[in-house]
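Colleague: Turn this into a model:
(chains A, B, C and D)
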4 protein chains.
Amino acid sequence: MVEPLAVGIVGAGYWGRNLIRNFSTSPDWQLAWVCDKDQKLAASRVEAMPAVRVTGEFSEVLSDETVDAVAIATPVGTHYELAMAALTAGKHVLVEKPLVATLAEGERLVAFAAEHDLRLMTDHTFCYTAAVRYIANMVDSGELGTFHYLDSVRINLGLVQPDVDVFWDLAPHDLSILDFILPDDIEAVSVSATGADPLGIGKATLGYLSIGLSTGAIANVHVNWMSPVKVRHTIVAGSKKMIVWDDNNPSQRVSVYDVGITTQNDAESRLRRLVGYRTGDMVAPALADTEALSLMVGEFAAAITEHRDPLTSGADGLAVLRILDAARRSLAQGGGPVAVGATT
Amino acid sequence: MVEPLAVGIVGAGYWGRNLIRNFSTSPDWQLAWVCDKDQKLAASRVEAMPAVRVTGEFSEVLSDETVDAVAIATPVGTHYELAMAALTAGKHVLVEKPLVATLAEGERLVAFAAEHDLRLMTDHTFCYTAAVRYIANMVDSGELGTFHYLDSVRINLGLVQPDVDVFWDLAPHDLSILDFILPDDIEAVSVSATGADPLGIGKATLGYLSIGLSTGAIANVHVNWMSPVKVRHTIVAGSKKMIVWDDNNPSQRVSVYDVGITTQNDAESRLRRLVGYRTGDMVAPALADTEALSLMVGEFAAAITEHRDPLTSGADGLAVLRILDAARRSLAQGGGPVAVGATT
Amino acid sequence: MVEPLAVGIVGAGYWGRNLIRNFSTSPDWQLAWVCDKDQKLAASRVEAMPAVRVTGEFSEVLSDETVDAVAIATPVGTHYELAMAALTAGKHVLVEKPLVATLAEGERLVAFAAEHDLRLMTDHTFCYTAAVRYIANMVDSGELGTFHYLDSVRINLGLVQPDVDVFWDLAPHDLSILDFILPDDIEAVSVSATGADPLGIGKATLGYLSIGLSTGAIANVHVNWMSPVKVRHTIVAGSKKMIVWDDNNPSQRVSVYDVGITTQNDAESRLRRLVGYRTGDMVAPALADTEALSLMVGEFAAAITEHRDPLTSGADGLAVLRILDAARRSLAQGGGPVAVGATT
Amino acid sequence: MVEPLAVGIVGAGYWGRNLIRNFSTSPDWQLAWVCDKDQKLAASRVEAMPAVRVTGEFSEVLSDETVDAVAIATPVGTHYELAMAALTAGKHVLVEKPLVATLAEGERLVAFAAEHDLRLMTDHTFCYTAAVRYIANMVDSGELGTFHYLDSVRINLGLVQPDVDVFWDLAPHDLSILDFILPDDIEAVSVSATGADPLGIGKATLGYLSIGLSTGAIANVHVNWMSPVKVRHTIVAGSKKMIVWDDNNPSQRVSVYDVGITTQNDAESRLRRLVGYRTGDMVAPALADTEALSLMVGEFAAAITEHRDPLTSGADGLAVLRILDAARRSLAQGGGPVAVGATT
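Modeller: Here you go, the predicted structure:
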């Protein structure tokens, strides 16, 4: 077995706690530091781990030469500064989603990491769930057929974040999943975003993203902090199979519907075919219950050790930011389609 | 009991059959004619009713002076001509949704009916279901509080209509419901529409409407002919209550969630409130099982007898057309927000 | 095409109406008579069918020599007399479940039909649904493996029958299904029945049957007129597959769970295996939507034409009666196990 | 704040770990000892709690005079000896369900604790859930009306216990809930049990209990280790309300159905009433999310401090044992009704 890598975690809040649990129990990692302005909070998280040092000063972590990597779980507004400082100190960096608060920052960060040959990883946790890996595999292997559309609903009550709107809080999940499963030759080209702020708190608390893809396919996301019911329901539809992922149904998270095979290909017979559409058998695959975060932490170590990009790299974080940024511009101009692209 | 009114039905297809069943069993109506180009089909629908005359010529129905009203259940492209002919012949008219194929036609039709003091009714069947009437009543009575948003998902597989796209086929249901329940002082002001045609049949087979309302509230509709699962799920959310209408769950179609009462009103405490949002008790009211279409047919008779607008008038059909028309324009320009308004 | 057979239906109530609809639209049958004491009711059912004769006297039907068969949909207390009269008149007979009111009557009826070489069929409708045929086929083909147990829950509110208790009203469905799917070499040997009459109306309104099978396997049935929720949930479990049939879930009625293949066979390793039990993939087969009653009516004609026992014969009706009779005796003695057998 | 009580936990397995977590974080308790034959396991559970002593010898715990109470989470076959030893040493005792392995042992234990004025508590965890407390309160307050029946289904796959059968493993949950919610003037008088052992491992792996109550009401329990689906569904029905508790549905665990109010009371009108039964509105109360085990641990402390019986006392454990014992006798004699009573 190889020597475990040493990691310092900054941010001991809700997500930081999850990271602490997973890094501290991973055979690939030795948790060296937990850093939080609220040192008491940080200390309480690691009471049972006398070997872990606690600090309120991030610089202390960075100046520890034995530290290989830093994991950042602080409010998004602080990500850029902390991540850049860590990269500058020669550390590999894992950042909670969304990567940073602006597209420009994201591009600088990714470029800097590349230049200095350091791993920059985005914590797109859902990409490590058995459900998303299963779906991605169906797309990759061709079993899904031509990609038709993705529709994702992620709505709930009361999980408001004070520093971001509902798009920046919830949509990174759906967008990272979209980025993860979409074939390499399909790109998001435009975004139309609409939202509402019925409480008058100065930012959208529910909203919709409609993303045009380069093939004419479409991806739509509904995020909502003000829904009376919790829904986590995603459809990924292709020409051969259609997948429903219902994350609220632990006994049947993924259902794969057969939509039959068709041979003729003119528009008229495609229309007739649709009229006659029937789903065939449905298969709900048995999926492993491994915690996604533990796989993510293992992938971070593997990427460092194997000197390669992690499965959810900084570039993937950037892909998500590009759409969020386009969504922000679309919202600002009242909802029109906005090109997904470089900084503007 | 008053003398029943005499009605002629034109169109003996799927919906025509439903109309025949409901008009023929209504105490308010005497079914006098069934008209269809396919006279055999028309005849087969009324085998058991020797008193009902069958014809392939609509003019025969119109020239029958005993006929009070005409019900139109033909493809939408023929609605305008048939309805105008019937109004011209002095008949009251009921039209299957959507009212007509263009906004301009709709406006002429509504104006003509008004001028000639004839009832023009749109068959917005869902507005006569116990669920929609319950929801409308909660909005009207103030129990819902301030209207926050409507989100409606109406997706299924394989029910493609050859003559219209998915918006014109399915969205009239959601838009007529929106029109029906929305308080009079709230108006639809803009529509952003996005859609996709993954089969390449020349029209959208799935799509999204995002409707901006005059208060800043929002209504969103997802319609889809290519979903592996059937979903009929509508959320109507207000400041006091949030309603979930799940039309696929016959044992609990309507669920009303209490969202608590709040007193402070600055943005900061509204934000804190949202963070602390919890639903209280939920109530699923017992709803009657009366067939909506039978109530609709009764309302048509009542409107004629009482010389008043029906609950779902031509003007309501027009309100739906205005949004569909804006959606068409939005789609044509790639998805931007388009003003809901008069013909353009 | 062969000449259709002529049938007379006696009983024009709820079930009679269903029979009228299915016999009158079947290519195999010509509906000749409808008979009911309430002649007006009978007449109203066939208004649209001038060729069908209506009578209040069953003897009129029996004395019509063109009538091949009789279908009985009257209260169970009258089944024996009517069926016996029909068989005596040389007619083939279909009887609504349960076959008759006592086991002794059932045995006489089956014997009499056999002696006179006439078809006696029990209307076990559920055996003609796609779901039950699918399950029976999995048992027959060996795919299910060794039969382990059946558990069936059929509960609802307010569908009380005045003439029978809840066992005789609802359990025939489950028992006929059990009889239908059980391999020929497995028999019901004992029944324990418990029930309750919380309203004090003199008969059980909810109850449980626990049926011991000859292999040591078990079948359990919960029937209930006083449940706030409607449940139609049956598990059929074998050593290789376990099937869940949820008749309230039209989009996924049948779910087949893989329980893995095991090779060792001593008790210890079977125990360890159970501890480690995991279901594999689940398959929900696409099932046809054909109305069961229409298949049943066709099978009745085929059995007559092909001069063979129908799929759900009088003997099958008798098998159900044997269990109901044992249940009645078990209830009478407070719930103990009672042997399923001949009349006592 | 009062001084916390000192507790020693014996058994560091699955349930012991839950007890360790709850005792160690309770303000009412100081966790002093964890005892397990497997000392390494015991030590691993409390790595982070240097103040907790670990031992393989239960006598060490008992001889510690500072220890007020002992919590037992070992296999049921060892409960009696351990609990008796602890009581003899003057400790208060909490025992995981089922209390002990035989009714005779249970009676001796309860008598001994009473004689020596020590608290003996059974860990009937479900009685501390918000759902069960809500139901119990509806029964107590009279809101439910007359108790009609309880039906409980607790089925799953693969959670086999090596030392007990499915009745002793799962049914204590349902029986303790029954004991908890049943009004004091209603008693279990008889039990009919049937079960099956399709794997041939020498004990029932699925089975049914039908419990006759002193009022003629009934309680039925289905427990099953071999179900492909997980069901935790309990109906508690009364003359005024019917409650469905679906523990698998976290967003709507408890649903309360109104069954209307009736005034006439002869059997005939009760029958007619049932025919016309309709549920009225349904209410799903908002329930707190407090962990049941933490409330249970608090109740143990309160019972000691306040010198009173705990809510789920040894006597309640005995009530459950009486039914389990009757079930064992019923099973042994093939399923007949057996009187619930004292040891035989």
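
Colleague: what does stretch A:332-344 rub up against?
Modeller: Stretch A:332-344 is contacted from outside by A:103-104, A:107, A:187-194, A:211-212, A:322-323, A:325-327, A:329-330, B:190, B:192, B:194, B:210, B:212, B:334-337, using C-beta atoms under 8 Å, 6 or more residues apart in numbering or on different chains. C-beta coordinates here come from the backbone N, C-alpha and C atoms, glycine included.

Colleague: Just the buried subset of those residues, please.
Modeller: Buried members of the contacts of stretch A:332-344, counted by 16 or more other C-beta atoms under 10 Å in any protein chain shown: A:103, A:107, A:188-194, A:211-212, A:322-323, A:325-327, A:329-330, B:190, B:192, B:194, B:210, B:212, B:335-337.

Colleague: So for the residue of the stretch 101-250 of chain A found nearest chain C, what's the pLDDT?
Modeller: Closest residue of the stretch 101-250 of chain A to chain C, C-beta to the nearest C-beta: A:Val244 (10.6 Å). On pLDDT, A:Val244 comes in at 97.

Colleague: what's the neighbour count on the closest residue to it other than its chain neighbours?
Modeller: Nearest in space to A:Val244, with sequence neighbours left out and distances taken as C-beta to C-beta, 6 or more residues apart in numbering or on different chains, is A:Ser255 at 4.7 Å. Neighbour count for A:Ser255, taken as other C-beta atoms under 10 Å in any protein chain shown: 20.

Colleague: so what's A:Ser255 up against?
Modeller: Counted by C-beta under 8 Å, 6+ apart, A:Ser255 has contacts A:243-244, A:246, A:282-284, B:228-229, C:284.

Colleague: how about a cut-off of 10 Å?
Modeller: Residues counted as contacts of A:Ser255 (C-beta atoms under 10 Å, 6 or more residues apart in numbering or on different chains) are A:242-246, A:249, A:282-285, B:228-229, C:252, C:282, C:284.

Colleague: Compute the first-to-last residue distance for stretch A:324-340.
Modeller: Start and end residues of stretch A:324-340 are separated by 9 Å (C-alpha to C-alpha, to the nearest Å).

Colleague: Off-centre distance for that stretch?
Modeller: Here stretch A:324-340 is found 20 Å from its chain centre; the criterion is C-alpha atoms, centre = their mean, to the nearest Å.

Colleague: all helices for the stretch 151-300 of chain A, in order.
Modeller: A:166-181, A:267-275, A:292-305 (DSSP state H, counting those that start in this stretch).

Colleague: and among these, the most buried is which?
Modeller: Ranked by mean neighbour count, these are led by helix A:166-181 with a mean of 24 (mean count of other C-beta atoms under 10 Å in any protein chain shown).

Colleague: I'd like to know the average pLDDT value across stretch A:201-216.
Modeller: Per-residue pLDDT over stretch A:201-216 has a mean of 95.

Colleague: quick revisit: list buried residues within the contacts of A:Ser255.
Modeller: A:242-246, A:282-285, B:228-229, C:252, C:282, C:284.

Colleague: Among the contacts of stretch A:332-344, which lie within strands?
Modeller: A:188-194, A:211-212, B:190, B:192, B:194, B:210, B:212 (DSSP state E).

Colleague: number of nearby residues for A:Asn248?
Modeller: Here the number of neighbours of A:Asn248 (other C-beta under 10 Å) works out to 13.

Colleague: One more: A:His307?
Modeller: With other C-beta under 10 Å as criterion, A:His307 counts 8.

Colleague: Then A:Val93?
Modeller: The tally of other residues near A:Val93 (other C-beta under 10 Å) stands at 25.

Colleague: same thing with the one 4 residues further on?
Modeller: Neighbours of A:Lys97 under the rule other C-beta under 10 Å: 24.

Colleague: wait, doesn't it sit right on A:Thr312?
Modeller: Yes. Taking contacts as C-beta atoms under 10 Å, A:Lys97 lies within contact range of A:Thr312: 8.9 Å.

Colleague: which neighbours do these two share?
Modeller: Here A:Lys97 and A:Thr312 have A:122-126, A:176, A:320 as joint contacts, going by C-beta under 10 Å, 6+ apart.

Colleague: What parts of chain A come near chain D?
Modeller: Residues of chain A lying close to chain D by C-beta under 10 Å from any C-beta of the partner chain are A:46-50, A:228-230, A:248-252.

Colleague: Between those residues, which sits nearest chain D?
Modeller: Once C-beta to the nearest C-beta is applied, the member of these that ends up nearest chain D is A:Ala48, at 2.3 Å.

Colleague: Look up the residues forming beta bridges with A:Val256.
Modeller: A:Val256 has these beta-bridge partners by DSSP bridges: A:Ile243, A:Val283.

Colleague: who's in contact with it?
Modeller: A:Val256 is in contact with A:134-135, A:138, A:143-144, A:236, A:241-245, A:281-285, B:228, C:281, C:283, counting by C-beta under 10 Å, 6+ apart.

Colleague: for A:Gly11, same thing?
Modeller: Neighbouring residues of A:Gly11 by C-beta under 10 Å, 6+ apart: A:17, A:19-20, A:34-38, A:41-42, A:58, A:71-75, A:78-79, A:82, A:96.

Colleague: Report pLDDT for it.
Modeller: On the pLDDT scale, A:Gly11 is placed at 97.

Colleague: Look up phi and psi at it.
Modeller: Main-chain torsions, A:Gly11, degrees, to the nearest 10: phi 100, psi 110.

Colleague: how close does it get to chain B?
Modeller: Distance of A:Gly11 to chain B, given as C-beta to the nearest C-beta, to the nearest Å: 19 Å.

Colleague: Check A:Gly77 too.
Modeller: 17 Å.

Colleague: Need the three-state assignment for the residue nearest to that residue when sequence neighbours are not counted.
Modeller: Nearest residue to A:Gly77 in three dimensions, chain neighbours excluded: A:Ala101, at 5.4 Å (C-beta to C-beta, 6+ apart). What DSSP: H, G, I helix; E, B strand; the rest coil gives for A:Ala101 is coil.

Colleague: residues near A:Ala42, how many?
Modeller: 25.

Colleague: For my notes, confirm it occurs in a helix.
Modeller: Yes. According to three-state DSSP, the state of A:Ala42 is that of a helix.

Colleague: Spatially nearest residue to it, not counting backbone neighbours?
Modeller: Setting aside the residues directly before and after it, A:Ala42 is nearest to A:Asp36 in space (C-beta to C-beta, 6+ apart), at 3.9 Å.

Colleague: mind listing what the one you found touches?
Modeller: Residues near A:Asp36 by C-beta under 10 Å, 6+ apart: A:9-13, A:16, A:42-45, A:54-56, A:58, A:73-74.

Colleague: ok, now A:Ala315?
Modeller: A:99, A:106, A:110, A:113-114, A:120, A:122, A:179, A:309.

Colleague: where's it, which helix or strand?
Modeller: Secondary structure from DSSP states H and E places A:Ala315 in helix A:314-332.

Colleague: what about that helix, distance to the chain center?
Modeller: Taking C-alpha atoms, centre = their mean, the mean C-alpha location of helix A:314-332 is offset from the chain mean by 12 Å.

Colleague: try stretch A:37-48
Modeller: 27 Å.

Colleague: Mind checking which residue lies nearest the centre of chain A?
Modeller: A:His124 (3.1 Å; C-alpha atoms, centre = their mean).

Colleague: What number of residues are in the vicinity of the residue nearest to A:Gly77?
Modeller: 19.

Colleague: returning to that earlier point: quick check: the gap between the residue of the stretch 101-250 of chain A closest to chain C and A:Ile135.
Modeller: Distance, A:Val244 to A:Ile135, by C-beta to C-beta, to the nearest Å: 10 Å.

Colleague: which residues are in contact with both of these two?
Modeller: A:234, A:236, A:254, A:256.

Colleague: which two from these end up farthest apart in space?
Modeller: A:Thr234 and A:Val256 (12.9 Å; C-beta to C-beta).

Colleague: Common neighbours of the two, please.
Modeller: Common neighbours of A:Thr234 and A:Val256 (C-beta under 10 Å, 6+ apart) are A:135, A:243-245.
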